[in-house]
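Participant: sequence and predicted structure below; questions after.
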Amino acid sequence: MKNIKNIGKAFGIIILILFAATGCPPCPPYPYENEYFVLKDIDAKNINNAGRNPVIVDNENEIISKNAYGIRVSLDLKLLSNDSIGNVSTNSSFIKNFSLFSKLYAVDPPLCLPPPPILKDTIVSLKIFTVNNFDDEFMADSEVSDLFRIYDSRTRKYISIEEYLENFGFGVYPVSYPQSDKNFGKIIDLYLMKAPEFTGEHSFIIEVLLSDGRTFSSTTSKIILE
């Protein structure tokens, strides 16, 4: 029995040495790992990208540079299972495990990010329509999806909406930390790459189609592009 204990201690020391060498202790289980989510609704807001970080513009008829305009689409997700744990702060098991690892290694695990939840239905398309005349080619009610791009932080390049959906639109989305009432949020920032020829009042409609046939729509508030 004593030899078994010594072997166990030796094995534990080896594991600790390996973690110390890699600098990456194991992550505790996350509360909503492998849970499935459903898209409840979407919300589209104007953003001003003139500064270092995009800023949401809530006021109607506010002036934004036509060369720094974007749209933030928020996806409202909800856990499907009623007994799923959706709030980290109330999950004592998760907190206990996370605290244990923190004490063992004196630091918070650096790569212990929440795993991406899985959507029950995938996004088939995301389209953008202009409410106002944009230029001679894109008049009111025209689709202007191709004029927008999404920034891919992995490649540090702007990609089309189609490319984004090919890479991220098949049901898996990284989300922010859980909010109250088992609601989760995800944002997609769409940046306008071509300034409108017609300045003045503008507004855009976002339409999202899911694989189960459901559609969601949201219209941005009116802003002034100059």
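Facilitator: Nice, I can see it. Numbers count the residues shown, from 1 in each chain.
Participant: show me what the longest strand that the chain contains is packed against.
Facilitator: Across the chain, the strand with the greatest residue count (assigned by DSSP state E) is strand 36-48. Packed against strand 36-48 by the contact rule (3 or more Cβ pairs under 8 Å, 6 or more residues apart in numbering; DSSP states H and E) you find strand 55-57, strand 69-79, strand 118-119, strand 183-192, strand 204-210, strand 215-219. Yep, even glycine has a C-beta here, placed from its N, CA and C like the rest.
Participant: please redo it, this time with the cut-off set to 7 Å
Facilitator: Packed against strand 36-48, as judged by 3 or more Cβ pairs under 7 Å, 6 or more residues apart in numbering; DSSP states H and E, are the following elements: strand 55-57, strand 69-79, strand 118-119, strand 204-210, strand 215-219.
Participant: now mean neighbour count too, for these, in TSV please.
Facilitator: Written out in TSV, the entries for these read as follows (neighbours: other Cβ atoms under 10 Å):
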stretch	mean neighbour count
strand 55-57	16
strand 69-79	20
strand 118-119	18
strand 204-210	19
strand 215-219	15
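Participant: mean pLDDT for those strands: which is lowest?
Facilitator: Lowest mean pLDDT of the helices and strands packed on strand 36-48: strand 118-119, a mean of 68.
Participant: just after that one, pick out the following helix or strand.
Facilitator: Tracing the chain past strand 118-119, the next element assigned as helix or strand by DSSP states H and E is strand 123-130.
Participant: for stretch 144-156, measure first residue to last.
Facilitator: For stretch 144-156, the separation between the terminal residues is 23 Å (Cα to Cα, to the nearest Å).
Participant: residue 201 belongs to a strand, doesn't it?
Facilitator: Yes: secondary structure of residue 201, determined by DSSP: H, G, I helix; E, B strand; the rest coil: located in a strand.
Participant: OK, contacts around it?
Facilitator: Contact criterion Cβ atoms under 7 Å, 6 or more residues apart in numbering gives 132, 222, 224 as the residues in contact with residue 201.
Participant: where in the chain is pLDDT low?
Facilitator: 1-35, 81-118, 169-185 (pLDDT under 70).
Participant: can you do 50?
Facilitator: Counting by pLDDT under 50, the ranges of the chain that qualify are 5, 31-33, 82-110, 174-181.
Participant: can I get the contacts of residue 201 in a markdown table with neighbour count?
Facilitator: As requested, the contacts of residue 201 are exported to a markdown table (neighbours: other Cβ under 10 Å):
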| residue | neighbour count |
| --- | --- |
| 132 | 18 |
| 222 | 14 |
| 224 | 14 |
